[in-house]
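J.: Here's my sequence, what's the structure:
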Amino acid sequence: MTLVRRCNPTNPVANNLFNDFFGRDFFINSDDYFTNRKQMPAVNIKETEYNFVIEMATPGLKKEDFNISVENGVLTISSEKEEKNETSNEGYTSREFYQASFNRSFRLPKQIADDSNINARYEDGILSITIGKKEEAKPKPKRAIDIA
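T.: Numbering: from 1, shown residues only. The predicted structure is shown next:
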């Protein structure tokens with residue numbers, strides 16, 4: 001029996017589930033697939049006239065859980081969190097362990113990004129990192145040119 005990937009135009013959700021399930025090799029790095037897929041936070045990057053803003057959805061973490069660094073023009077955001085829960089009741093013990101980590105890196109554009117002007121803020125499950133632009137990359141006001 002051969003599995004064939006199908007596309008159902010009336011149900012895109014089923015397409016994604018089907019493709020996610022059958023579109024990968026079960027015998028090679030299946031643990032990595034599930035781990036990376038579930039724990040890699042979603043990222044939005046936007047550019048304004050004066051800076052870049054990276055927004056990362058990381059609900060359930062605290063600002064102390066993050067490690068943010070910049071080295072050789074590469075901004076790295078990482079987190080590692082481990083929780084252990086143990087309850088005992090009437091001679092029975094229940095133990096639960098949870099560990100999650102991620103590591104994201106972004107190469108900053110050398111001619112534009114000012115890696116000495118980076119600020120981070122964590123609020124309501126969103127980590128926001130603002131990277132200032134170099135003065136020469138910021139827009140200049142319009143100026144009139146005199147004709148000689």
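J.: Next secondary structure after the least confident helix or strand in the chain by mean pLDDT?
T.: Here the helix or strand of the chain ranked lowest by mean pLDDT, DSSP states H and E is helix 30-39, holding a mean of 46. Following helix 30-39 in sequence order, the next helix or strand is strand 43-47 (DSSP states H and E).
J.: what does the helix or strand that that following strand is followed by rub up against?
T.: Next along the chain after strand 43-47, taking DSSP H and E as the criterion, comes strand 51-57. Residues outside strand 51-57 that contact it (C-beta atoms under 8 Å, 6 or more residues apart in numbering): 41-47, 75, 77, 104, 106, 113, 125-133. In this view, the C-beta of every residue, glycine as well, is placed from N, C-alpha and C.
J.: Strand 43-47 and strand 51-57, what's the angle between them?
T.: 170 degrees (axes from the mean of the first three to the mean of the last three C-alpha atoms, to 10 degrees).
J.: Tell me the buried residues in strand 51-57?
T.: 51-52, 54-56 (16 or more other C-beta atoms under 10 Å).
J.: same thing with stretch 80-98?
T.: residue 81.
J.: so where do the helices sit in this protein?
T.: 12-22, 30-39 (DSSP state H).
J.: Please report the separation between the first and final residues of stretch 65-81.
T.: Start and end residues of stretch 65-81 are separated by 7 Å (C-alpha to C-alpha, to the nearest Å).
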